[in-house]
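Chemist: Output the structure for:
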Amino acid sequence: MSRPGLTLIELLVASLILVVSLTGMISVWAYMINGTIITDERAGAYECARLVLERARSMGYSSVIPTTSSAPAPGNSVSGWTSPHLLGFRYYDANIQELGGGSNVEAAALAAQPANARYYVETTFGYANVGGNSRPDLNMLGYSVKVTEIDRFGVIPRDVNKRPIVSVQLQTALTEGGI
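Modeler: As a prediction, the model looks like this:
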């Protein structure tokens, strides 16, 4: 004579199937949340780079060119000069609000990093005297923006050569004659 209901073995098997299913669903959910967080951080880094690049574009070539005698020699050289209108490095928070910066990238390692900084942005310039003295409107200024995401412990991740690990890099060229 059999009684209606479930045996202990049937309950254990049903429980095991339920646990395996829920574990799989939870791991997929955690993976998706992590992917969303990474995407949001990359979007923030891209937005920082775009803001800095658009600021340089809006100022134009004549505002960005160096005003000192330390300008590089003509011919596609990477410069060691700075412009009084642009910063060599800057920090942004998670809301893409600028927290400060400076003109010398080497000084960034020594400067106090703002406590709530989320992004570290470096800008570099390259100068090319394509037109020579006869066509100064063809001279180009290459402008590169590199963004590094600062981890949750406030540390800028660096590679083996002590350079910041870049999340996003954007570049443009400014000319005296316009784009």
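Chemist: Specify the local secondary structure of the most centrally placed residue in the chain.
Modeler: Per C-alpha atoms, centre = their mean, the C-alpha nearest to the average position across the chain is that of residue 147, at 2.4 Å. Residue 147 falls in the strand class when you classify it by DSSP: H, G, I helix; E, B strand; the rest coil.
Chemist: how about it, what does it touch?
Modeler: Neighbour list for residue 147: 45-46, 48-49, 119-121, 166-169 [criterion: C-beta atoms under 8 Å, 6 or more residues apart in numbering]. Every C-beta, even on glycine, is put in place using the N, C-alpha and C of the backbone.
Chemist: Pull the most distant pair out of the residues you listed.
Modeler: Within those, two members stand farthest from each other by C-beta to C-beta: 46 and 120, at 14.3 Å.
Chemist: can you pull the contacts of residue 51?
Modeler: residue 96.
Chemist: Who has more neighbours out of residue 46 and residue 120?
Modeler: residue 120 (24 against 15; other C-beta atoms under 10 Å).
Chemist: For the nearest residue to that one once chain neighbours are set aside, which residues are in contact?
Modeler: Closest residue to residue 120 apart from its sequence neighbours, by C-beta to C-beta, 6 or more residues apart in numbering: residue 148 at 4.6 Å. By C-beta under 8 Å, 6+ apart, residue 148 lies in contact with 45, 119-122, 156-157, 164-167.
Chemist: buried subset of the contacts of residue 147?
Modeler: 45, 48-49, 119-121, 166-168 (16 or more other C-beta atoms under 10 Å).
Chemist: Between the contacts of residue 148, which sits nearest residue 56?
Modeler: residue 121 (11.9 Å).
Chemist: which SS state does that closest one fall under?
Modeler: Per three-state DSSP, residue 121 ends up strand.
Chemist: Relative to residue 19, how far out is residue 7?
Modeler: 19 Å (C-beta to C-beta, to the nearest Å).
Chemist: Also residue 35?
Modeler: On the measure of C-beta to C-beta, residue 35 and residue 19 end up 25 Å apart.
Chemist: residues near residue 122, how many?
Modeler: Residues near residue 122, counting by other C-beta under 10 Å: 21.
Chemist: what about it, distance to residue 23?
Modeler: 43 Å.
Chemist: lowest-pLDDT helix or strand in the chain?
Modeler: strand 77-78 (a mean of 42; mean pLDDT, DSSP states H and E).
Chemist: and the next helix or strand after that strand, how far out from the chain's middle?
Modeler: As assigned by DSSP states H and E, the chain's next helix or strand after strand 77-78 is strand 89-92. In terms of C-alpha atoms, centre = their mean, to the nearest Å, the centre of strand 89-92 is found 10 Å from the chain centre.
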